[in-house]
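Undergrad: here is my input; please provide its structure:
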Amino acid sequence: VLRVQQCRGNFRDADRHIRLYLKDGEGNERIPDASASWQEEIDGEKVLFDETWFVITEEELSQYDLYGMFYVTDGSVKGDWEVTFSIEN
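TA: Just a heads-up that it's a prediction; the model follows:
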């Protein structure tokens, strides 16, 4: 099992997202088999961790490269928010 652990920091000033995947030489993507997220307090600050699992043999792994898509929305979490949406009957 390939386990990849990431720390996404706190969400006070930014919303961070990570999408990991494997890609073979032909461009085929393999998504994770499982993942988990949790929060820890470090030096008085709550931070978010993710762990992603790929159930894969060492031989299979040698055929792939690890890729990631990272999204950060700095400053988007500050300010006055108003959300309006319709609820269908």
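
Undergrad: alpha carbons only for contacts and neighbour counts from here, please
TA: Will do.

Undergrad: ok, which stretches of this protein are helices?
TA: 58-61 (DSSP state H).

Undergrad: ok, and the closest non-adjacent residue to the residue most central in space within the chain?
TA: Centroid check for the chain by CA atoms, centre = their mean gives Ile18 as the closest residue, at 2.9 Å. Distances taken as CA to CA, 6 or more residues apart in numbering place Phe70 nearest to Ile18, at 4.7 Å, with adjacent residues excluded.

Undergrad: OK, contacts around the one you found?
TA: Contact partners of Phe70, counting by CA atoms under 8 Å, 6 or more residues apart in numbering, are 16-19.

Undergrad: picking that back up, check whether the residue nearest to the centre of the chain really touches Gly68, as I assumed.
TA: Yes - here Ile18 reaches Gly68: they are 6.7 Å apart, a contact under CA atoms under 8 Å.

Undergrad: so which of the contacts of Phe70 are in strands?
TA: 16-19 (DSSP state E).

Undergrad: tell me which of these is nearest to Leu48?
TA: Checking those against Leu48 with CA to CA, the nearest one is Arg16 at 9.6 Å.

Undergrad: in the sheet, who's paired with that closest one?
TA: Note on Arg16: beta-bridge partners by DSSP bridges are Val72.

Undergrad: so who does it touch?
TA: With CA under 8 Å, 6+ apart, Arg16 has these contacts: 8, 70-73.
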